[in-house]
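**Q** just need the structure, nothing else, for what follows:
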Amino acid sequence: MAHNIDSMAYYGEVPWHGLGTEIPRRADAATMIKAAGLDWLVEKRPVPGAKLDRKKRPLKYELARKPRNDKEQDILLGLVSPRYEPLQNEDAFKFFDSIVEEGSAIFETAGALGDGERVWVLAKLPGEIRVIGDDIVNKYLLLSNTHNGKEAVTIRFTPIRVVCQNTLILALEKEGRSVKVRHTKNMPLRLSEVPELLGIFRSVYDNAAQSFQALVETRLDAARFESYLEALFPRSEKQNEERKQPASWDHVTEIFENIDPYFSYIKGTLWAAYNAVTQYEDYRISKEASQDRRLNRVWFGKGADLKLKAFEKAEELAREWAH
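**A** Presented below is the predicted three-dimensional model:
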């Protein structure tokens, strides 16, 4: 995958990698797309030599990123079926426009991974979750659109813990981790209906605030902490035989036991354990790895999967240990 993290825009503080174009507060989708270098189109076209159906229609199509100027060339992004309909970046980002206009969100960052196989925009919702003391979590929505034919348009809940900038992952109750819109002819209509879910988004974060509070009120002894780790990083059969534990246990334990003294009041809690896991996932990839790879893992890949599992397991244990 190419290194495209510099194809992005941001509002506010300069991102951790120091790259991107700064945009004004309350920028609309069109401004964000242009500043992020995402003002290109995706073309769906028959694959040369593709087999035809009975009506002489191609059975396979390719998605290509069209050049914005004479210096660029077409870039092949993926192969799709005849039913697949590409969603242009401008149309995908317009979902947030109505929310931004009414003051319910602010575009914060946007960019592309690879050659544009995935584009994303992160929007900050108003308000914050004060878990305890100065331990604050900000509320975000992450919209992702792919141009490789593999995934739907998704809107994820990605709160960020201010103290360490850990990205957390929440699930929409009974609907999985995200709102999804398939690439079909009815997609623009469905996207136009998504702003109506703003009330549900608020509900998800209200429930998260209650869950975070339950985690910080749940104390852990050694046995409980080990139970939590075992649920997330289970020992292999060989490790059980040799009475060894996965290396991930050591890394998470080190983070868990070395809480910033300023936040000593959360030490030994399930909230601290959960955040030790998220911090481990955010930084487990070597610093030499590309920012594309790091971002893809913690937002969309195995890191995101584990973070969601860590939260759901922590909620489950908090309820169990409360009785």
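**Q** please make it C-alpha for all contacts and neighbour counts, starting now.
**A** Noted.
**Q** so where do the strands sit in the stretch 1-150 of the chain?
**A** Here the stretch 1-150 of the chain has its strands, by DSSP state E, counting those that start in this stretch, at 8-10, 21-22, 42-46, 61-65, 75-80, 106-113, 118-132, 135-146.
**Q** closest one to Glu217 among the ones you listed?
**A** Taking CA to CA as the criterion, Glu217 comes closest to strand 118-132 out of the strands of the stretch 1-150 of the chain, the separation being 9.7 Å.
**Q** give the burial count for the nearest residue to Asn148 once chain neighbours are set aside, as a bare number.
**A** With CA to CA, 6 or more residues apart in numbering as the measure, Gly78 is the residue that lies nearest to Asn148, at 4.1 Å, once sequence neighbours are left out. The number of residues packed near Gly78 is 17, by other CA atoms under 10 Å.
**Q** kindly report the same for Lys66.
**A** Other residues lying near Lys66 total 16 when counted by other CA under 10 Å.
**Q** before we move on, what about the one 5 residues further on?
**A** By the measure other CA under 10 Å, the count of residues near Lys71 is 6.
**Q** list the contacts of it.
**A** Remark: with contacts taken as CA atoms under 8 Å, 6 or more residues apart in numbering, Lys71 is in contact with nothing.
**Q** correct me, but Val252 touches Ala276?
**A** Yes - Val252 lies in contact with Ala276 (CA atoms under 8 Å); the separation is 5.5 Å.
**Q** reformat the strands of the stretch 1-150 of the chain as JSON lines; add distance to Lys244 and mean pLDDT.
**A** Formatted as JSON lines, those follow (distance: least, CA to CA, whole Å; pLDDT from 0 to 100):
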{"stretch": "strand 8-10", "distance to Lys244": "44", "mean pLDDT": "76"}
{"stretch": "strand 21-22", "distance to Lys244": "48", "mean pLDDT": "78"}
{"stretch": "strand 42-46", "distance to Lys244": "51", "mean pLDDT": "93"}
{"stretch": "strand 61-65", "distance to Lys244": "48", "mean pLDDT": "92"}
{"stretch": "strand 75-80", "distance to Lys244": "43", "mean pLDDT": "91"}
{"stretch": "strand 106-113", "distance to Lys244": "38", "mean pLDDT": "85"}
{"stretch": "strand 118-132", "distance to Lys244": "35", "mean pLDDT": "89"}
{"stretch": "strand 135-146", "distance to Lys244": "34", "mean pLDDT": "88"}
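**Q** can you redo those strands as a markdown table with distance to Ser264?
**A** As requested, the strands of the stretch 1-150 of the chain are arranged in a markdown table below (distance: least, CA to CA, whole Å):
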| stretch | distance to Ser264 |
| --- | --- |
| strand 8-10 | 33 |
| strand 21-22 | 36 |
| strand 42-46 | 51 |
| strand 61-65 | 50 |
| strand 75-80 | 48 |
| strand 106-113 | 31 |
| strand 118-132 | 11 |
| strand 135-146 | 11 |
